[in-house]
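Colleague: got a sequence here, can you model it:
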Amino acid sequence: MRPSGVAALTRLEAPGGTGHPTGRWRLPGGGRGWAGLWVLAMVWSVGGWLTAEGPVLNVSGWPLVAEFFSAALSPELSVQFLVRAGRATLITLSFAVLGTLLAVLVGLVVGVLISETWWGTTGPGTRTRPAARRVGWLLTRLGLAVPRGIHEAVWALLLLSVLGRHPLVGVLAIAIPFGAITAKVYAEIIDESARGPYEALRASGSRRGPALLYAVLPIAWPELVSYAFYRFECAVRSAVILGMVGAGGLGFELVLSFSGSRHAEVWTLIYTIVAVGAVADRWGAGLRRTTGALRPGVSAAVALGAVVAALVHLGPDLSRVLSSRTVELFTGLMAEMVPPRLPEGGWARLLAEALVTLQMSLVAGTIAALAAVAVAFVAARGGTTPGRRAAGAAARWVLLVTRSLPPPVWALLFLFLFLPGPLPGALALGVYNFGILGRLCAEVVENLDRRSHDHLIATGAPPVSAFGYAIIPQASGRFLAYGLYRWEVAMRETVVVGIVGAGGLGRLLEDQRVAFDLGAMAGTVLALIVLSALVDIISTAIRNTLR
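Modeller: A predicted model of the protein is given here:
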């Protein structure tokens with residue numbers, strides 16, 4: 001079997017997937033209890049939306065759907081627009097490249113400093129007691145909760161208030177949350193690497209830094225590099241989202257074309273986004289599927305060239321970040337945001353929107369999980385007949401397209417069919433996460449141990465029985481873990497569909513931004529962080545119950 005690539009790395013990224021002891025909540029009935037509660041929550045959420053006062057469907061917008069999709073056959077191909085789209089593509093890629101570079105650098109440094117390997121061993125240079133080291137480890141982990149819990153679109157809105165339309169807005173908005181996420185993942189990779197060589201060096205008198213450098217880094221390096229390229233794929237999608245909130249690039253052009261109902265231009269931009277996503281996906285997937293050295297020469301040269309090109313194209317002025325004007329604006333921003341305030345309507349409004357946000361993430365995660373499991377066995381590589389290989393290729397293209405278009409784009413499309421509210425937002429997040437989750441589940445299928453399945457077939461068992469007894473038990477646990485992980489991610493992404501009118505705390509945040517109510521914005525962001533922590537706790541409890 002091949003290494004599980006993105007799947008294994010995403011397991012590490014998922015909150016609760018650290019392998020460290022956690023408190024276990026036990027719901028009566030175990031897995032059945034959680035399943036029943038989940039079904040009730042789904043019925044309550046969707047039923048409440050469909051039976052709410054006022055219409056849900058946007059009947060007047062349905063003719064626009066036919067008009068929009070008919071434009072797919074005749075995208076805008078004028079030289080002037082193609083040049084504009086090309087420049088926007090370079091901006092988006094530059095944001096992704098430099099944002100990923102900074103995130104990886106932060107991840108390498110901070111990941112070591114928050115790892116249990118760094119905090120949890122004794123030896124030369126270690127003067128703190130075990131209890132103090134444990135507290136230090138917990139504090140460093142908690143310190144990353146805020147930058148990791150705030151979506152990059154929110155960071156972009158805050159940075160725009162300080163830096164204006166500066167190239168560094170897009171770069172830093174990606175680097176800050178992605179750096180925190182990468183640090184967490186890198187810490188887990190370091191902690192799960194073979195400890196024998198490291199402990200031997202420590203026992204022989206080596207300090208922690210040199211011991212990690214010589215004993216752990218060579219072992220962990222392939223996974224660290226592989227995850228960096230996976231993070232770049234995510235950064236490309238995030239860069240498009242940042243453009244939609246004002247940072248520039250393909251997202252900005254997309255919003256302009258959507259607002260002007262220039263559907264031919266929209267399709268040109270969509271095809272461009274899909275093409276960029278396909279290139280990033282193939283590059284990263286090729287590296288992850290290569291055993292051994294991960295083709296270091298070619299990939300390193302291409303990555304270095306991309307960094308140089310991004311720096312030349314954006315030409316970021318670092319002095320502006322440290323200028324007195326920027327410091328003054330940042331100080332004023334903090335003064336207006338601290339202390340956080342409740343929105344108009346007080347606690348009732350905040351809790352109501354938080355509940356809608358939680359419902360949106362729950363419905364989106366369920367849609368994505370059910371659709372992904374249904375497609376995963378078709379999309380998995382390894383078909384033995386031309387028909388199955390063709391079906392697999394078609395399924396993989398569907399997954400690529402759905403995950404290449406960011407959630408706000410899907411939300412805008414669903415707003416043709418539905419009136420603004422939580423339903424189009426949940427559907428948009430469901431379709432987008434289906435593309436990502438379907439890819440992860442397909443990779444799980446590709447890496448299953450099929451020996452027991454083949455043995456059952458050889459002994460005369462029907463194919464359906466062999467599949468049910470040998471394949472499903474292997475895949476179901478991993479499918480559930482990834483479904484819960486994407487639910488946690490969908491919780492953060494409700495912000496970006498809310499910004500375009502899909503409801504929840506994201507919509508409230510956009511209203512507060514337009515009104516320059518920064519104190520209320522801070523309160524809403526804190527509510528999002530609390531919700532993300534709640535989803536993290538629930539998903540961890542479910543995993544512990546079924547473990």
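Colleague: ok, now which ones touch the residue positioned nearest the centre of the chain?
Modeller: Closest to where the C-alpha atoms of the chain average out (CA atoms, centre = their mean) is residue 489, at 5.7 Å. By CB atoms under 8 Å, 6 or more residues apart in numbering, the residues touching residue 489 are residue 433. C-beta: built from backbone N, CA, C; applies to glycine.
Colleague: lowest average confidence, helix or strand, in the protein?
Modeller: One helix or strand of the chain scores below all others by mean pLDDT, DSSP states H and E: helix 6-13, with a mean of 46.
Colleague: now for the following helix or strand past it, which elements pack on it?
Modeller: Counting by DSSP states H and E, the next helix or strand C-terminal to helix 6-13 is helix 31-50. Applying 3 or more CB pairs under 8 Å, 6 or more residues apart in numbering; DSSP states H and E, one finds that helix 31-50 makes contact with helix 346-379, helix 422-446, helix 518-546.
Colleague: let's have these in JSON lines, adding mean neighbour count and mean pLDDT.
Modeller: What follows is the helices and strands packed on helix 31-50, written out as JSON lines (neighbours: other CB atoms under 10 Å; pLDDT from 0 to 100):
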{"stretch": "helix 346-379", "mean neighbour count": "20", "mean pLDDT": "91"}
{"stretch": "helix 422-446", "mean neighbour count": "26", "mean pLDDT": "89"}
{"stretch": "helix 518-546", "mean neighbour count": "20", "mean pLDDT": "82"}
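Colleague: residue 117 is nearest to which of the ones you listed?
Modeller: Nearest to residue 117, of all those, is helix 518-546, at 22.2 Å by CB to CB.
Colleague: which strands or helices does that closest one pack on?
Modeller: Packed against helix 518-546, as judged by 3+ CB pairs under 8 Å, 6+ apart, are the following elements: helix 31-50, helix 145-149, helix 152-163, helix 324-337, helix 346-379, helix 472-497, helix 504-514.
Colleague: what angle separates the fifth one from helix 31-50?
Modeller: Read it as helix 346-379. Interaxial angle, helix 346-379 versus helix 31-50 (axes from the mean of the first three to the mean of the last three CA atoms, to 10 degrees): 110 degrees.
Colleague: what of the fourth one?
Modeller: Helix 324-337 runs at 100 degrees relative to helix 31-50, counting by the same axes, to 10 degrees.
Colleague: quick check: residue 153 vs residue 108, distance?
Modeller: Look at residue 153 and residue 108: by CB to CB, to the nearest Å, they are 25 Å apart.
Colleague: those two: which is more packed in?
Modeller: The residue with more neighbours, out of residue 153 and residue 108, is residue 153; 30 against 17, by other CB atoms under 10 Å.
Colleague: got the contact list for that one?
Modeller: For residue 153, the contacting residues are 173, 241-242, 244-245, 495-496, 499, by CB under 8 Å, 6+ apart.
Colleague: kindly report the same for residue 152.
Modeller: Counting by CB under 8 Å, 6+ apart, residue 152 touches 173-174, 176-178, 238, 241-242.
Colleague: tell me which two of those sit farthest apart.
Modeller: By the measure CB to CB, 176 and 241 form the most distant pair in those, at 14.4 Å.
Colleague: residue 78 - how many residues pack around it?
Modeller: Neighbours of residue 78 using other CB under 10 Å come to 11.
Colleague: now it: how far from residue 212?
Modeller: 55 Å.
Colleague: weakest of the helices and strands packed on helix 518-546 in terms of mean pLDDT?
Modeller: Lowest mean pLDDT within the helices and strands packed on helix 518-546: helix 145-149, a mean of 79.
Colleague: quick one, phi psi at the residue lying closest to residue 184 once chain neighbours are set aside?
Modeller: With CB to CB, 6 or more residues apart in numbering as the criterion, residue 184 has its nearest non-adjacent residue at 6.2 Å, and that residue is residue 144. Here is the backbone geometry of residue 144 (degrees, to the nearest 10): phi -90, psi -10.
Colleague: let me see the backbone angles for residue 418.
Modeller: Backbone torsions of residue 418, given as degrees, to the nearest 10, read phi -130, psi 150.
Colleague: contacting residues for it?
Modeller: Shown in contact with residue 418 (CB under 8 Å, 6+ apart): 56-58, 424, 427.
Colleague: so which of the residues you listed is the closest to residue 368?
Modeller: Residue 368 lies nearest to residue 427 out of these, by CB to CB, at 10.5 Å.
Colleague: how far away is that closest one from residue 380?
Modeller: Distance, residue 427 to residue 380, using CB to CB: 26 Å.
Colleague: try residue 331
Modeller: 54 Å.
Colleague: between the two, who's got more neighbours?
Modeller: Taking neighbours as other CB under 10 Å, residue 331 and residue 380 compare with residue 380 leading, 20 against 11.
Colleague: isn't that one up against residue 447?
Modeller: No. Applying CB atoms under 8 Å, one finds residue 380 not in contact with residue 447, separated by 9.1 Å.
Colleague: once you drop chain neighbours, what's closest to residue 244?
Modeller: residue 251 (3.8 Å).
Colleague: check the secondary structure at that neighbour for me.
Modeller: Secondary structure, DSSP: H, G, I helix; E, B strand; the rest coil: residue 251 is helix.
Colleague: burial count for it?
Modeller: The tally of other residues near residue 251 (other CB under 10 Å) stands at 30.
Colleague: who's in contact with it?
Modeller: For residue 251, the contacting residues are 92, 239-245, 406, 408, by CB under 8 Å, 6+ apart.
Colleague: take those and keep only those in helices.
Modeller: Using DSSP state H, 92, 239-242, 408 are the members of the contacts of residue 251 that sit in helices.
Colleague: coming back round to it: could you dump the contacts of residue 152 to CSV with distance to residue 389, neighbour count and pLDDT?
Modeller: Shown next, in CSV, are those (distance: CB to CB, whole Å; neighbours: other CB atoms under 10 Å; pLDDT from 0 to 100):
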residue, distance to residue 389, neighbour count, pLDDT
173, 40, 29, 92
174, 36, 31, 94
176, 42, 23, 93
177, 38, 24, 91
178, 35, 26, 93
238, 33, 28, 90
241, 34, 26, 89
242, 37, 34, 89
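Colleague: for residue 223, state which of those is nearest.
Modeller: Nearest to residue 223, judged by CB to CB, of the contacts of residue 152 is residue 178 at 16.9 Å.
Colleague: so the closest one touches residue 235, yeah?
Modeller: Yes. With contact defined as CB under 8 Å, residue 178 counts as touching residue 235 (6.4 Å).
Colleague: mutual contacts of the two, please.
Modeller: Any residue near both residue 178 and residue 235 by CB under 8 Å, 6+ apart counts here, and that gives 99-100, 103.
Colleague: can I get the helices and strands packed on helix 31-50 in CSV with distance to residue 510?
Modeller: Converted to CSV, those look like this (distance: least, CB to CB, whole Å):
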stretch, distance to residue 510
helix 346-379, 12
helix 422-446, 12
helix 518-546, 10
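Colleague: returning to what we had before: which of the contacts of residue 251 tops the neighbour count?
Modeller: For the contacts of residue 251, the largest number of neighbours (other CB under 10 Å) sits with residue 242, at 34 neighbours.
Colleague: secondary structure element holding residue 76?
Modeller: Assigned by DSSP H and E, residue 76 falls within no helix or strand.
Colleague: contact partners for it?
Modeller: Neighbouring residues of residue 76 by CB under 8 Å, 6+ apart: 262, 264-265, 267-268.
Colleague: which of the residues you listed sits closest to residue 399?
Modeller: Proximity to residue 399 was ranked across the contacts of residue 76 by CB to CB; first place goes to residue 267, at 19.9 Å.
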